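*Asks:* Okay, here's the prediction I keep looking at, along with the sequence it came from:
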Amino acid sequence: NAGVTQTPKFQVLKTGQSMTLQCAQDMNHNSMYWYRQDPGMGLRLIYYSASEGTTDKGEVPNGYNVSRLNKREFSLRLESAAPSQTSVYFCASSGQNTEAFFGQGTRLTVV
Amino acid sequence: QKEVEQDPGPLSVPEGAIVSLNCTYSNSAFQYFMWYRQYSRKGPELLMYTYSSGNKEDGRFTAQVDKSSKYISLFIRDSQPSDSATYLCAMRKARGSYIPTFGRGTSLIVHP
């Protein structure tokens, strides 16, 4: 029973490099989310996908893009990483009658 | 002002104490109220959720919602060192978007 799986768990990037964070859920949930968590700031929504084929901006979308590849997978892409994007990134999913389940996070450092 | 306010703490208590964690909110459209627990270097896990006003009990945990005051609480009885974690409140509307809005989290330390 994997739930929400995120890869990679850790990553160090140089400023200007690009990378994609992967997320997959096996609970047949319609909605998926990407959050970032910074000290003192709590969880802030980057992008979300209410259902397969749709994506929308959250509170802090600048510098990110997303792809809802299919119902299971929702990826987050940093096209040109900046030190301000150093954070812990969490993917989550939810169903119509279930609250959000989170993955274990990706710790990203941009140097 | 954020939609959901939560004191970040830390809150330090002795083992066996009753812990009270609280959040206030401003959006009267919120109908579902959740508490998540997050251990260090882990993802948040759903602890409890309630719909509208009232109390819900699960073992040592009690969630309480007072919609008239826009105030929610989580009580932990007989607290244990294993309860040491960050507790995040979250809430969402009943219709339309199901996106939860989170508080900043309260760090709880239970010392033996």
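*Replies:* Here it is on my side, so go on.
*Asks:* going forward, measure contacts and count neighbours with C-alpha atoms only.
*Replies:* Noted.
*Asks:* Report the beta-bridge partner residues of the residue in chain A positioned nearest to chain B.
*Replies:* Residue nearest to chain B within chain A: A:G42 (3.9 Å; CA to the nearest CA). Beta bridges link A:G42 to A:D38, judged by DSSP bridges.
*Asks:* now A:N65
*Replies:* Note on A:N65: beta-bridge partners by DSSP bridges are A:R77.
*Asks:* still on that earlier bit, for A:V66, see how far away the residue of chain A closest to chain B is.
*Replies:* For A:G42, the distance to A:V66 equals 21 Å [CA to CA, to the nearest Å].
*Asks:* per-residue confidence at A:T20?
*Replies:* A:T20 is assigned 97 on the pLDDT scale.
*Asks:* Report how many residues lie close to it.
*Replies:* Applying other CA atoms under 10 Å in any protein chain shown, we find 16 residues neighbouring A:T20.
*Asks:* How about it: what's its closest non-neighbour residue?
*Replies:* A:R77 (4.3 Å; CA to CA, 6 or more residues apart in numbering or on different chains).
*Asks:* surely the residue of chain A closest to chain B meets B:S107?
*Replies:* No: between A:G42 and B:S107 no contact is recorded; they are 11.5 Å apart, counting by CA atoms under 8 Å.
*Asks:* show me the residues around A:Q17 that make contact.
*Replies:* A:Q17 sits next to A:E79, A:S80, A:A81 when contact means CA atoms under 8 Å, 6 or more residues apart in numbering or on different chains.
*Asks:* I'd guessed the second one sits against A:T20; true?
*Replies:* No: the pair A:S80 / A:T20 is not scored as a contact, 10.9 Å apart, by CA under 8 Å.
*Asks:* returning to what we had before: how about the residue of chain A closest to chain B, what does it touch?
*Replies:* Taking CA under 8 Å, 6+ apart, one finds B:F102, B:G103, B:R104, B:G105 in contact with A:G42.
*Asks:* quick one, what contacts the closest residue to the first one other than its chain neighbours?
*Replies:* Excluding the flanking residues, the one nearest B:F102 by CA to CA, 6+ apart is B:A90, at 4.3 Å. Counting by CA under 8 Å, 6+ apart, B:A90 makes contact with B:V4, B:F33, B:M34, B:W35, B:Y36, B:P100, B:T101, B:F102, B:G103.
*Asks:* one more time with 10 Å, if that's ok
*Replies:* When contacts are counted by CA atoms under 10 Å, 6 or more residues apart in numbering or on different chains, B:A90 touches A:100, B:4, B:23, B:25, B:30, B:32-36, B:46, B:49, B:72, B:99-105.
*Asks:* Where does it sit, in terms of helix or strand?
*Replies:* Assigned by DSSP states H and E, B:A90 belongs to strand B:85-93.
*Asks:* Is any residue of stretch A:96-104 near chain B?
*Replies:* Yes: interface with chain B: stretch A:96-104 contributes A:Q96, A:N97, A:T98, A:E99, A:A100, A:F101, A:F102, A:G103, A:Q104 (CA under 10 Å from any CA of the partner chain).
*Asks:* For those residues, give me TSV that also has secondary structure and pLDDT.
*Replies:* Formatted as TSV, the residues of stretch A:96-104 next to chain B follow (DSSP: H, G, I helix; E, B strand; the rest coil; pLDDT from 0 to 100):
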residue	secondary structure	pLDDT
A:Q96	coil	78
A:N97	coil	75
A:T98	coil	78
A:E99	coil	86
A:A100	coil	90
A:F101	strand	93
A:F102	strand	96
A:G103	coil	96
A:Q104	coil	95
